[in-house]
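# Next come a sequence and a model predicted from it.
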Amino acid sequence: MFTKILIANRGEIACRVAATAKRMAIKTVAVYSDADASAKHVAVCNEAVHIGGSAPQDSYLRWEKIIAAAQATGAQAIHPGYGFLSENAAFAQACADAGLAFIGPPPAAIRAMGLKSESKRLMQAAGVPLVPGYHGVDQDPALLEKEATRIGYPVLIKASAGGGGKGMRVVEHAGDFAAALASCKREASGSFGNDAVLVERYVQRPRHIEIQVFGDTQGNCVYLFERDCSVQRRHQKVLEEAPAPGMTEAMRQQMGAAAVAAARAVNYVGAGTVEFIVEQTPGGDMNFFFMEMNTRLQVEHPVTEAITGLDLVEWQLRVACGEPLPLVQDQLRITGHAIEARICAENPDNDFLPATGRLQVYRLPPCSEFDRSSVRVDSGVRQGDAISPFYDSMVAKLIVHGDTRAQALARLDEALAQTHIVGLQTNVQFLRAVVQSRAFTQADLDTALIQRERATLFKQEKVGLPLAAAAAIASTLLAERAQTQAHPFSRRDGFRAYTEAVRRFAFEFHDAPLQASLTYQRTGKLHLALADVQGELTFAPDANGIRLSFRSASALAQVDWAGNTAHVFTALGATQITAIDLLAHAGAQAAEVGRLTAPMPGKVVSFAVKAGSVVRKGQALAVMDAMKMEHTIAAPFDGTVAELLYAPGDQVAEGAELLKLLS
């Protein structure tokens, strides 16, 4: 077994690999960029080597620096994690040439499966079912458009060299094909250095089911069952579970056999995932088609670990050392049900726009790491860390395991309710809405679930104004009590000798101003009046927050203040309410009319207009690239473009004005 490995990645996967290595008494070497100098993965490894600037192309994609770091520290092997160089055949070959073991498949297997068009041809030869489409090498746009017409709309354009939803577009109509193709090719080129695409029939009501496979150097290959990854946004996974709901044993064996055949077709070694698109027919049958093979460990591997009781990173290390697979197919068993939720820094109500910021509060549910407990968190950040624009937006993965799917669902919802993050926007409350939705609860799954259920998933306020205001006021009063001393004239309890005291508060809730009055009654009770809602307010400190009651609403609430904004967390949900200083000047000025700004730091890709262009509301004006995704800036009203303030290729800061639009 190795005595020291280098982990050529960052964040939660680097921490995940380091944890297994530590358990196996293997020393670890971290690599880090300028932005990650004080990151968690640096702290949990035995050694760390700086490899360059914050942008991935200046650090985590510089494989020559990574190999040099491994050689300098005496590492015997490199674990690539996922993303970055994990599916780069040239990097795997360079490791071998340098005398380092690559903890992944052989370069030839990566190369064969790395280009989707080539892998489709291999799978066809191996007898693995394929979705009808065009997988050729000729990338002439006119030919691709002709093939899309032959296949029949809607079609799916996909980057041939990558995954993760990047360089992927669904095209419903022929008139939209050219623009979608150009966008896919730009995104594919930026993410993978290869703008080749393939075009396939877009399967209606598809499910995304993948099979975990493992091969060794002795020619053994097994499948470790399936994962359902159908709940997606922007073609990126949101929730993953194992086993797949509704999966029959016969279909599991068929898909497993097809996955093993796919792996054997390229002499696969190590951990890999064969992804299938599953077509649900009106009669209830399911037809599966090969989609792609990811030649690495997947983000969602913990759900497979939970239902099998295995450590897949340990298997990777053993196989990379030349050991045979620890188990054969007949020894593998499924126990219970597991679900993983990806917690991301993003705003679901604004088309999942990625967010940046510092984790001022990062409170997780009672959990353990990297074992088969009922609740597990894989995370690469700590309280106080920043989510930067240089890398993807994932903060953590929350994994639960239960005896049944219903039990796992209940545990996941409870664990999400106990996940409290302040300092940036996250999708935690959105995830709770999905988990509680009828479609997900009843396993009515397909990749359009989020779109189908959007009326119940977005802009859902579960806590409500009365409870939010009551929690903010109670928190304020408890803080004031803690600051006062024993002297009676220092107490802030509203005591008056001859009359009742009234205290006024002002708030802003979901952009709406409101006022509240709190009356200290002579009986010692507190009466709260909030718009047309009023009643007795009671509260008391609790080890887990504040127990409060206002009218018919009772809750155990935790309140964390960030500036003047109270972040209120309850079992029902979470919300924010901002306290307004009644003595402060209230003349906040409105945003300048016609000001179009960058929603986050990034790079200007292109402008669709020029100075003098007349535009309509909703028309695309510019495209930005940030956090590995393209974002379109649209006109907020009809108008005329007065001036473009940047050029394509320019880096811009969050809030930078991109162009001026006159109404």
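Okay, I see it. Numbers count the residues shown, from 1 in each chain.

# quick one: contacts for residue 75?
Contacts for residue 75 (CB atoms under 8 Å, 6 or more residues apart in numbering) come out as 4-6, 29, 69, 100. In this view, the C-beta of every residue, glycine as well, is placed from N, C-alpha and C.

# Quick check: closest non-adjacent residue to it.
Excluding the flanking residues, the one nearest residue 75 by CB to CB, 6 or more residues apart in numbering is residue 6, at 4.0 Å.

# Can you report how many residues lie near that neighbour?
30 (other CB atoms under 10 Å).

# Let the chain start at 722 from now.
Renumbered: residue one is now 722, and that last one reads residue 727.

# partners of the helix or strand containing it, with directions?
Assessed by DSSP states H and E, residue 727 sits inside strand 725-728. Strand pairing for strand 725-728, using DSSP bridges, gives strand 748-754 (parallel), strand 798-800 (parallel).

# mind listing what's buried in the shortest one?
Same thing as strand 798-800. 798-800 (16 or more other CB atoms under 10 Å).

# Helix or strand with the lowest mean pLDDT in the protein?
strand 1316-1318 (a mean of 77; mean pLDDT, DSSP states H and E).

# mean confidence score for stretch 1072-1085?
In this model, stretch 1072-1085 carries a mean pLDDT of 94.

# Do me a favour and get the end-to-end distance for that stretch?
Counting by CA to CA, to the nearest Å, you get 26 Å between the two ends of stretch 1072-1085.

# So which bits of it are buried?
1073-1078, 1080-1083, 1085.

# repeat for stretch 920-933
920-924, 926-933.

# With stretch 826-835 instead?
Buried-residue list, stretch 826-835, by 16+ other CB under 10 Å: 826-828, 830-835.

# among these, which are in helices?
828, 830-835 (DSSP state H).

# Residue 1165: which of those residues is nearest?
Proximity of those to residue 1165 (CB to CB) peaks at residue 834, which lies at 31.9 Å.

# Pretty sure residue 1340 sits against residue 1353.
No. Residue 1340 is beyond contact range of residue 1353, at 10.0 Å (criterion: CB atoms under 8 Å).

# and the nearest residue to residue 952 once chain neighbours are set aside, how many neighbours?
Counting by CB to CB, 6+ apart, residue 952 lies nearest to residue 960, which is 4.2 Å off, once chain neighbours are set aside. Neighbourhood size, residue 960 [other CB under 10 Å]: 23.

# Residue 960 bridge partners, please.
Taking DSSP bridges, one finds residue 952, residue 1062 as the beta-bridge partners of residue 960.

# is it true that it touches residue 1152?
Yes. Look at residue 960 against residue 1152 with CB under 8 Å: they come within range, at 7.2 Å.

# Could you name every residue contacting both of these two?
residue 1062.

# State the distance from residue 810 to residue 1125.
42 Å (CB to CB, to the nearest Å).

# out of these two, which sits in the busier spot?
Legend: neighbour count by other CB under 10 Å for residue 810 and residue 1125, higher for residue 810 (20 against 10).

# got the phi/psi numbers for the more buried one?
With angles defined as degrees, to the nearest 10, residue 810 sits at phi -60, psi -40.

# Quick one: residues contacting it.
Counting by CB under 8 Å, 6+ apart, residue 810 has contacts 828-829, 831-832, 835.

# same deal with residue 762?
728, 730-732, 735-736, 739, 751, 753, 1101.

# Among these, which lie within strands?
Those of the contacts of residue 762 mapping onto strands are 728, 751, 753, per DSSP state E.

# Could I get those residues in CSV, plus columns for distance to residue 1176?
Listed next are the ones in strands among the contacts of residue 762 as CSV, based on distance: CB to CB, whole Å:
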residue, distance to residue 1176
728, 43
751, 45
753, 44
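
# What lies in contact with the helix or strand following the least confident helix or strand of the chain?
Later in the chain than strand 1316-1318, the nearest helix or strand by DSSP H and E is strand 1323-1328. Here strand 1323-1328 makes contact (CB under 8 Å, 6+ apart) with 907, 1110, 1342-1348, 1351-1352, 1365, 1367-1373, 1379-1380.

# Also stretch 1332-1341?
Identification of contacts with stretch 1332-1341 by CB under 8 Å, 6+ apart yields 1329-1330, 1342, 1353-1365, 1382.

# Next one: the closest residue in space to residue 825 that isn't next to it in sequence from residue 1032, what distance?
Nearest non-adjacent residue to residue 825, counting by CB to CB, 6+ apart: residue 991, 5.2 Å away. Separation of residue 991 from residue 1032 (CB to CB) stands at 14 Å.

# So if I had to pick from those two, which one is more boxed in?
For residue 991 versus residue 1032, neighbours defined as other CB under 10 Å are more numerous around residue 991 (25 against 20).

# Quick check: which ranges of the stretch 822-971 of the chain have low pLDDT?
Confidence mapping of the stretch 822-971 of the chain against pLDDT under 70 gives the ranges 884-885.

# And the stretch 1272-1384 of the chain, by the same measure?
Ranges of the stretch 1272-1384 of the chain meeting pLDDT under 70: 1303-1316, 1348-1350.

# just the strands in the stretch 1122-1271 of the chain please.
1141-1143, 1222-1230, 1233-1241, 1247-1251, 1254-1263, 1266-1271 (DSSP state E, counting those that start in this stretch).

# In JSON lines, list those along with mean pLDDT, distance to residue 966 and mean neighbour count.
Shown next, in JSON lines, are the strands of the stretch 1122-1271 of the chain (pLDDT from 0 to 100; distance: least, CB to CB, whole Å; neighbours: other CB atoms under 10 Å):
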{"stretch": "strand 1141-1143", "mean pLDDT": "97", "distance to residue 966": "29", "mean neighbour count": "22"}
{"stretch": "strand 1222-1230", "mean pLDDT": "93", "distance to residue 966": "38", "mean neighbour count": "15"}
{"stretch": "strand 1233-1241", "mean pLDDT": "93", "distance to residue 966": "41", "mean neighbour count": "15"}
{"stretch": "strand 1247-1251", "mean pLDDT": "95", "distance to residue 966": "44", "mean neighbour count": "20"}
{"stretch": "strand 1254-1263", "mean pLDDT": "95", "distance to residue 966": "38", "mean neighbour count": "15"}
{"stretch": "strand 1266-1271", "mean pLDDT": "96", "distance to residue 966": "35", "mean neighbour count": "20"}
